[in-house]
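[1] coords please:
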Amino acid sequence: HTLWTLGFLVTFTLGGISGMFFPSMGMDVHLHETYFVVAHFHYVLVGGTVFGMFAAIYYWFPKMTGRMLDERLGVLHFLTGFIAYNAVFWPMHRLGVVGMIRRTHTYYITTADIQALPEWAADWNMQISIAAYVFFASNLILVFNMIKSLIRGEKAPADPWGGWSFEWMVSSPPPTPSFDPHNIPTLLNANEHVANEPGRLGQWFQRFMVADDAAEGGSH
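    Next up, the predicted model:
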């Protein structure tokens, strides 16, 4: 889930940067209805939603099902999907700059036409199509991973990630009701749970943790 979260940050940021060109009237006239728009839109949409959804699936799957996903398949899914995704939409920026119009599935390029696109544009368009199929196929790795894990996956502990919210205090999958209504747990110090985790995140977080009493003393 960490890899997909980082992938979301990278792609969403790139999508935001590419969108800064459109408020310029001169740039917008040139890039309007080209593949540049398609690239920008999908970097924001897919990077901001689909990648986030993948991160959520990997994060919440153990809690929902009580089974851990295969980490090796998860890394393979990310590497294949992330590379193929960028192979689809990153070249579209360049195609949009040279004037390739969107919503046209076949481009006839002739050097005799003064308005013709560069000859390499057709090859890039074909490579984009191939990469799109690879990106779709890469998501089948996640489907296989989920089915495999449901059948014979490693049992998930209550808190496999070192989370600091209440849902990680119950077993995986959570019982119904999750907590005794007469004995609801109380989190007195939000720093305590993660700081006591043996993982690297807990160790890193503990260096920046400020004790509650110190914070109160400094406020006077």
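[2] Would you indicate which residues of the host helix or strand of residue 77 are buried?
    If you go by DSSP states H and E, residue 77 is part of helix 71-97. Buried residues in helix 71-97, counted by 16 or more other C-beta atoms under 10 Å: 73-74, 77-78, 80-82, 84-96. To be clear about C-beta, it is placed using only N, CA and C from the backbone, and glycine gets the same treatment.
[3] Next, work out how far apart residue 64 and residue 142 are.
    The spacing between residue 64 and residue 142, counted by C-beta to C-beta, to the nearest Å, is 15 Å.
[4] Revised request: answer the last question for residue 65.
    Plainly put, residue 65 is 14 Å away from residue 142 if you go by C-beta to C-beta.
[5] what's the answer for residue 21, then?
    Going from residue 21 to residue 142 by C-beta to C-beta gives 33 Å.
[6] Please put the alpha-carbon coordinates of stretch 11-26 into PDB.
    The C-alpha coordinates for stretch 11-26 follow below in PDB (Å, rounded to 0.1, in the frame of the first residue of the first chain):
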ATOM      1  CA  THR A  11       1.200  11.000 -10.700                       C
ATOM      2  CA  PHE A  12      -1.200  13.400  -9.100                       C
ATOM      3  CA  THR A  13       1.500  16.000  -8.800                       C
ATOM      4  CA  LEU A  14       2.600  15.600 -12.400                       C
ATOM      5  CA  GLY A  15      -1.100  15.900 -13.400                       C
ATOM      6  CA  GLY A  16      -1.300  19.100 -11.500                       C
ATOM      7  CA  ILE A  17       1.800  20.500 -13.000                       C
ATOM      8  CA  SER A  18       0.700  19.700 -16.600                       C
ATOM      9  CA  GLY A  19      -2.600  21.500 -15.900                       C
ATOM     10  CA  MET A  20      -0.900  24.800 -15.200                       C
ATOM     11  CA  PHE A  21      -0.400  25.300 -18.900                       C
ATOM     12  CA  PHE A  22      -4.100  25.600 -19.700                       C
ATOM     13  CA  PRO A  23      -4.900  28.900 -18.100                       C
ATOM     14  CA  SER A  24      -2.500  30.500 -20.600                       C
ATOM     15  CA  MET A  25      -4.700  31.400 -23.600                       C
ATOM     16  CA  GLY A  26      -1.900  30.900 -26.100                       C
END
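[7] re the thing from before, which one of residue 64 and residue 142 is surrounded by more residues?
    Here residue 64 and residue 142 are compared on neighbour count by other C-beta atoms under 10 Å; more neighbours surround residue 142, at 20 against 12.
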